[in-house]
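Chemist: Here is the input, now give the coordinates:
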Amino acid sequence: MFTAEEIQARLRQQPFKPVRIVVSEGLHFDIYHPELVLVGRRDLSIGKPDPANPTIYAGLTRVALVHVVALDELAAASSPLSNGPSS
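Modeler: Modelled structure (predicted):
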């Protein structure tokens, strides 16, 4: 399990490197826009970028911190319109 502080530190890393948040249900969230992830004490709110403006979210998913099982680095060349769940 990751703490809120560990996840927040990874999202604030400079320069930012895209990260995949893997959760226990088998889903993962590819994060290319860290400003769309709100870190709470018990959960994350992950925004799905709007295609017209990827810094504004078009949908929101909440994930309990106890379900975060990995933070994997992604290649920077991947699609910047992610921040959404994938299986």
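
Chemist: make it CA atoms for all contacts and neighbour counts henceforth
Modeler: Noted.

Chemist: in this structure, which spans are helices?
Modeler: Residue ranges of the helices in the chain, as given by DSSP state H, are 4-11.

Chemist: Strands of that one, start to end?
Modeler: For the chain, the strands defined by DSSP state E cover 19-23, 28-31, 37-39, 43-50, 53-64, 68-73, 85-86.

Chemist: Comparing these, which comes out most buried?
Modeler: Highest mean neighbour count among the strands of the chain (mean count of other C-alpha atoms under 10 Å): strand 28-31, with a mean of 24.

Chemist: Show me how far that strand is from its chain's centre.
Modeler: Put simply, strand 28-31 sits 5 Å off its chain's centre (C-alpha atoms, centre = their mean, to the nearest Å).

Chemist: In PDB, list the C-alpha atoms belonging to that strand.
Modeler: Taking Å, rounded to 0.1, in the frame of the first residue of the first chain, the C-alpha atoms of strand 28-31 are listed here in PDB:
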ATOM      1  CA  HIS A  28      -4.500   0.900 -14.300                       C
ATOM      2  CA  PHE A  29      -4.600   4.600 -14.900                       C
ATOM      3  CA  ASP A  30      -1.900   6.200 -17.100                       C
ATOM      4  CA  ILE A  31      -1.200   9.600 -15.800                       C
END
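
Chemist: Could I get the strands of the chain in CSV, plus columns for mean pLDDT?
Modeler: Formatted as CSV, those follow (pLDDT from 0 to 100):
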stretch, mean pLDDT
strand 19-23, 97
strand 28-31, 96
strand 37-39, 98
strand 43-50, 97
strand 53-64, 95
strand 68-73, 97
strand 85-86, 60
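
Chemist: Redo those strands as a markdown table? Include distance to R10.
Modeler: Below are the strands of the chain laid out as a markdown table (distance: least, C-alpha to C-alpha, whole Å):
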| stretch | distance to R10 |
| --- | --- |
| strand 19-23 | 8 |
| strand 28-31 | 11 |
| strand 37-39 | 11 |
| strand 43-50 | 13 |
| strand 53-64 | 17 |
| strand 68-73 | 9 |
| strand 85-86 | 19 |
